[in-house]
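Trainee: take this sequence and fold it.
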Amino acid sequence: MGGEVTNAAGGNGWGNTASVTRTFKVQATSASLVSNVQRACAAGLVDGAGLCNALLTTGEQAARKHAEGAHAVDLDAPATPHR
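Mentor: Numbering: from 1, shown residues only. All right, here's what the predicted structure looks like:
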């Protein structure tokens, strides 16, 4: 998950225009991944209950470790805990 760039431009009927460019980084958390797996399993997008359970168990374990301060379970973990 790297940096993304988005541009927006607009104008009105009086000739006023503006534009802006923003760069942002999408960083999934273990909690957001668990939520996405739950949603995908509920929608039938994951093949089989066993796979859903395995994915959820792994994600929930990572979420618990993160909550305990074990940030090494996170990809590109910061050197210090989030503030």
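Trainee: for the chain, identify the residue most remote from the centre.
Mentor: Farthest-out residue of the chain from its mean C-alpha position, per CA atoms, centre = their mean: residue 14, at 40.0 Å.
Trainee: give me phi/psi at that residue?
Mentor: phi -100, psi 10 (degrees, to the nearest 10).
Trainee: quick one: mean pLDDT over the longest helix belonging to the chain.
Mentor: Ranked by number of residues, the top helix in the chain under DSSP state H is helix 49-67. Averaging pLDDT along helix 49-67 yields 89.
Trainee: how far does it sit from its chain's centre?
Mentor: 15 Å (CA atoms, centre = their mean, to the nearest Å).
Trainee: and that helix, which residues are buried?
Mentor: Across helix 49-67, burial judged by 16 or more other CB atoms under 10 Å covers 52, 55, 56, 59, 62, 63, 66. No exception for glycine: its C-beta is placed from N, CA and C like everyone else's.
Trainee: for those, give me JSON lines that also has distance to residue 46.
Mentor: Listed next are these as JSON lines, based on distance: CB to CB, whole Å:
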{"residue": "52", "distance to residue 46": "5"}
{"residue": "55", "distance to residue 46": "7"}
{"residue": "56", "distance to residue 46": "10"}
{"residue": "59", "distance to residue 46": "12"}
{"residue": "62", "distance to residue 46": "17"}
{"residue": "63", "distance to residue 46": "18"}
{"residue": "66", "distance to residue 46": "22"}
